[in-house]
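In: after the sequence you'll find the predicted model.
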Amino acid sequence: MKIDIQPLDNSYSDQLIDMILNIQQKEFNVPITIEDQPDLKQIESFYTEAGGNFWGAFIDGQLVGSIALVKFDERAGAVRKMFVKKEFRGKELNIAQELLEVLILFCRENGIDAIYLGTVNILKAAIRFYERNHFVQVEKENLSVRFPLMNADNVFYSLIINQTV
């Protein structure tokens, strides 16, 4: 199975909303709606024009995963919307890993030295994935005041990409 990762624009909003809400609401029972996530209808203005990006992973033209970067500071970004459809998860396809590597490469090429993320403590597999990828847990109080908090998040991580002298 060939995985094709490409930047997304507003034309993918409906596919993204469908995939993400399914995972959030049906699989993990997270009480979140599209109204809580207006960024999914404004990919270009919210992510791309602000210096970040949004990527989708496709298999045979079907959207099976996503990851996004919100640039919230001169040299810092927040990882958002990291989702892979249940039937495409796992080490065989390694979609989450490939998505994260695309995001990290983008950060290196665009002078973003550190990335941060928030997640929910019930998402054990996600937490293990971030920790395997050298993310370090951060206390909420130690996040930048500019970090875009999501109400549901209760565990936070950071990853230093480029060590600045």
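Out: Arrived safely.
In: quick one: Asn10 and Phe46 touch, right?
Out: No - applying CB atoms under 8 Å as the test, Asn10 and Phe46 come out as separate, 9.9 Å apart. Bear in mind the C-beta positions are built from the backbone N, C-alpha and C, glycine included.
In: residues contacting Ala50?
Out: 70-71 (CB atoms under 8 Å, 6 or more residues apart in numbering).
In: what do you get if the cut-off is 6 Å, keeping everything else the same?
Out: Lys71 (CB atoms under 6 Å, 6 or more residues apart in numbering).
In: where does the chain dip in pLDDT?
Out: 164-165 (pLDDT under 70).
In: so which residues of it form helices?
Out: 13-21, 43, 95-109, 124-132 (DSSP state H).
In: winner for burial among those helices?
Out: helix 43 (a mean of 23; mean count of other CB atoms under 10 Å).
In: Asn10 and Phe46: which is more packed in?
Out: Remark: of Asn10 and Phe46, Phe46 carries more neighbours, 20 against 16, as counted by other CB atoms under 10 Å.
In: ok, the closest residue to the more buried one other than its chain neighbours - how many residues close by?
Out: Closest residue to Phe46 apart from its sequence neighbours, by CB to CB, 6 or more residues apart in numbering: Asp39 at 4.2 Å. Asp39: 18 surrounding residues under other CB under 10 Å.
In: so what does the longest strand along the chain touch, helix or strand wise?
Out: Identified as the longest strand of the chain according to DSSP state E is strand 62-73. Contact partners of strand 62-73 among helices and strands, from 3 or more CB pairs under 6 Å, 6 or more residues apart in numbering; DSSP states H and E: strand 53-59, strand 76-84, helix 95-109.
In: touching the shortest one from outside, list them.
Out: Outside strand 53-59, the residues that touch it by CB under 6 Å, 6+ apart are 1, 3-5, 7-8, 43, 47, 63-69, 95, 99, 102, 106.
In: and that strand, how far out from the chain middle?
Out: 10 Å (CA atoms, centre = their mean, to the nearest Å).
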